[in-house]
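S.K.: Got a predicted model here, sequence first, then my questions.
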Amino acid sequence: MVVIYTRDIMEKFNLELLAGEEGIGRTIVTSDISRPGLEMAGYFTHYPANRVQLLGTTELSFFEMLPADVKLERMRLLCSQDTPAIIISRDLEVPTELLQAANEKHVPVFKTHMTTTKFSSKLTNYLEGRLAPTTAVHGVLVDVYGIGILILGQSGVGKSETALELVKKGHRLVADDCVEIRQESENLIIGSPPPLLEHLLEIRGVGIIDIMTLFGASAVRPYKRVTLVIELETWDPEKMYDRLGLEEEKMKIIDTDLTKMTIPVRPGRNVSVIIEVAAMNYRLKRMGINAAEEFTRRLDEVIASSSDELDD
């Protein structure tokens, strides 16, 4: 499980620490950011204390209108034991009551020069990326004609060799052996290699090779959206394989259902070419062109025409 500490966002966005230094080790558990306008007015019934609190011109200008005897009380309520950080945007002047309450409760207070909306967007994107659900899959991820293809299969079936052949044809390797996958948003999963295996490919009998060194920087990429899963399996003569492509199999990774194809492997089959065609055919299907459905339609017309002739 990924853990984000308050000090991480301080270093990432070069924030200026103003108070509550003892709290920079607090953890951030959600990507949601709070603009505590109602809290400035005294309504703390549903205060989302576990979110990063972002104060801009609106919140601070309203705070300045409050009576002097309630300002410190409001800031003490704002600085709860669950609050990971309070950030002031636009380099605005920070109320002394906030600094006092933050030092008392050990809640870190930061300042940024960015506007409230811009900083909120950047921080949300950063937190969503870091806090996204993750998993690891044993396989190979390649970019073929812009389609992120996750190649699965038992050890020794030829996943890495197929990836090497695709790279030789001008496609790009993302990860070999282990693919780290994170769910960045609904129906969007991103695959990347572990840092230890980046740019590396293992070929049995040859060993580990560095794809970027051998084929250049254009042969690799650091991450890619996964849109298609292809499973390689040893040809089973007793098994019935899909010959038309009408039935679409699905595979669920984290919370996303991906289109899955099963390709039988045996001597004489050029798997890399089949994967290239599968990628192009997948793109055509997304554009509304489905060869299997068109063949079925033609077949139905021929059958219907033959039936009419027999009736005559």
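M.R.: Yep, that arrived. Given the structure is predicted, the values throughout are model-derived calculations rather than measurements.

S.K.: Only C-alpha atoms from now on, for both contacts and neighbour counts.
M.R.: Fine.

S.K.: per-residue confidence at Asp311?
M.R.: pLDDT, Asp311: 61.

S.K.: can you check Pro237 too?
M.R.: On pLDDT, Pro237 comes in at 80.

S.K.: residues touching it, list them.
M.R.: Taking Cα atoms under 8 Å, 6 or more residues apart in numbering as the definition of contact, Pro237 has no neighbours.

S.K.: Need the three-state assignment for it.
M.R.: When classified by DSSP: H, G, I helix; E, B strand; the rest coil, Pro237 comes out as coil.

S.K.: I'd assumed Glu161 was in contact with Ile151.
M.R.: No. Contact between Ile151 and Glu161 fails when scored by Cα atoms under 8 Å: they sit 11.2 Å apart.

S.K.: roughly how far out does stretch 97-113 sit from the chain middle?
M.R.: Computed by Cα atoms, centre = their mean, to the nearest Å, the chain-centroid distance of stretch 97-113 equals 33 Å.

S.K.: do the same with stretch 225-237
M.R.: Chain-centre distance of stretch 225-237: 22 Å, with Cα atoms, centre = their mean.

S.K.: try stretch 197-206
M.R.: Chain-centre distance of stretch 197-206: 25 Å, with Cα atoms, centre = their mean.

S.K.: Just the buried residues of that stretch, please?
M.R.: Applying a neighbour-count criterion of 16 or more other Cα atoms under 10 Å, one finds 197-202 buried in stretch 197-206.

S.K.: so for that stretch, what's the average pLDDT?
M.R.: 91.

S.K.: what sits up against it?
M.R.: The contact list for stretch 197-206 (Cα under 8 Å, 6+ apart) reads 160-161, 164, 173-177, 208-212, 220, 222.

S.K.: Phi first, then psi, for the spatially most central residue of the chain.
M.R.: When Cα atoms, centre = their mean is applied to the chain, the residue found nearest the centroid is Glu184 (3.0 Å). Backbone torsions for Glu184, taken as degrees, to the nearest 10, come to phi -80, psi -30.

S.K.: more crowded one of Ile151 and Glu161?
M.R.: Each of Ile151 and Glu161 has its neighbours counted (other Cα atoms under 10 Å); Ile151 has more, 26 against 17.

S.K.: Assumed the more buried one was part of a strand.
M.R.: Yes. Under three-state DSSP, Ile151 sits within a strand.

S.K.: Identify the residues contacting it.
M.R.: Ile151 neighbours (Cα under 8 Å, 6+ apart): 139-142, 159, 229-232.

S.K.: Now do the residue lying closest to Glu22 once chain neighbours are set aside against Leu54, distance only.
M.R.: Distances taken as Cα to Cα, 6 or more residues apart in numbering place His106 nearest to Glu22, at 5.6 Å, with adjacent residues excluded. Going from His106 to Leu54 by Cα to Cα, to the nearest Å gives 17 Å.

S.K.: Same check on Leu127?
M.R.: When distance is defined by Cα to Cα, Leu127 is 14 Å away from Leu54.

S.K.: who's more crowded, those two?
M.R.: In this view Leu127 and Leu54 are compared by other Cα under 10 Å, and Leu54 has more residues nearby, 23 against 18.

S.K.: Surely the more buried one and Gly37 touch.
M.R.: No. When contacts are counted by Cα under 8 Å, Leu54 is not listed as touching Gly37 (9.8 Å).

S.K.: where along the stretch 201-312 of the chain do the helices fall?
M.R.: For the stretch 201-312 of the chain, applying DSSP state H, counting those that start in this stretch gives helices covering 211-215, 271-286, 291-311.

S.K.: Out of those helices, which is closest to Ile33?
M.R.: Proximity to Ile33, assessed across the helices of the stretch 201-312 of the chain by Cα to Cα, is greatest for helix 271-286 (35.7 Å).
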